[in-house]
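Everything below, folded, please.
(one chain, ligands or ions: 1)
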Amino acid sequence: MTTIKVCVGSSCHLKGSYDVIEAFKEILKKYDVEDAVDLQASFCLGFCDKGVVVNADSFEGPKVQKLGDDILFIHNVNKDNAEELFAKEIYPLLNL
Ligand code: FES
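Numbering: from 1, shown residues only. From the prediction side, this is the model:
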């Protein structure tokens, strides 16, 4: 199971966290991966100047990419680039 956390800290909130969460809900449906992803809201992830910040982690399977401390941080996410970032950065983590 991969966890996607969308920061809803005050800075990211102002930059549109809610829209990003809604976009991810639609994307997970579109890619039919709702069962493989746990979508969560998160407190501040520590990169407030780069919001909206999303992180993804996955600890299963041989295809998991280890990035940083096994956690992928994606910066400057908005509702318009969410799908592109999901396809490029997160989908490969899902080990499908
Ligand atoms: S408020 Fe989102 S990283 Fe700090």
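
Roughly how far does the residue in the chain that the ligand sits nearest to sit from V52?
Closest to the ligand within the chain is G9: 2.5 Å, counting by Cβ to the nearest ligand atom. Where C-beta positions appear, they are placed from N, C-alpha and C, glycine not excepted. For G9, the distance to V52 equals 10 Å [Cβ to Cβ, to the nearest Å].

higher neighbour count, those two?
V52 (29 against 19; other Cβ atoms under 10 Å).

Can you name the residues of this protein sitting close to the ligand?
7, 9-12, 44-48, 51, 53 (Cβ under 6 Å from any ligand atom).

Show me the helices in this structure, by range?
10-14, 17-30, 82-85 (DSSP state H).

Would you convert the residues of the chain next to the ligand into CSV that also reports pLDDT?
Compiled in CSV, those are given as follows (pLDDT from 0 to 100):
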residue, pLDDT
C7, 96
G9, 97
S10, 97
S11, 98
C12, 97
C44, 95
L45, 91
G46, 91
F47, 91
C48, 94
G51, 94
V53, 93
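
Just the buried ones from the residues you listed, in ChimeraX syntax?
In ChimeraX, a selection of the buried entries from the residues of the chain next to the ligand looks like this (16 or more other Cβ atoms under 10 Å):
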select :7,9,11,12,45,47,51,53
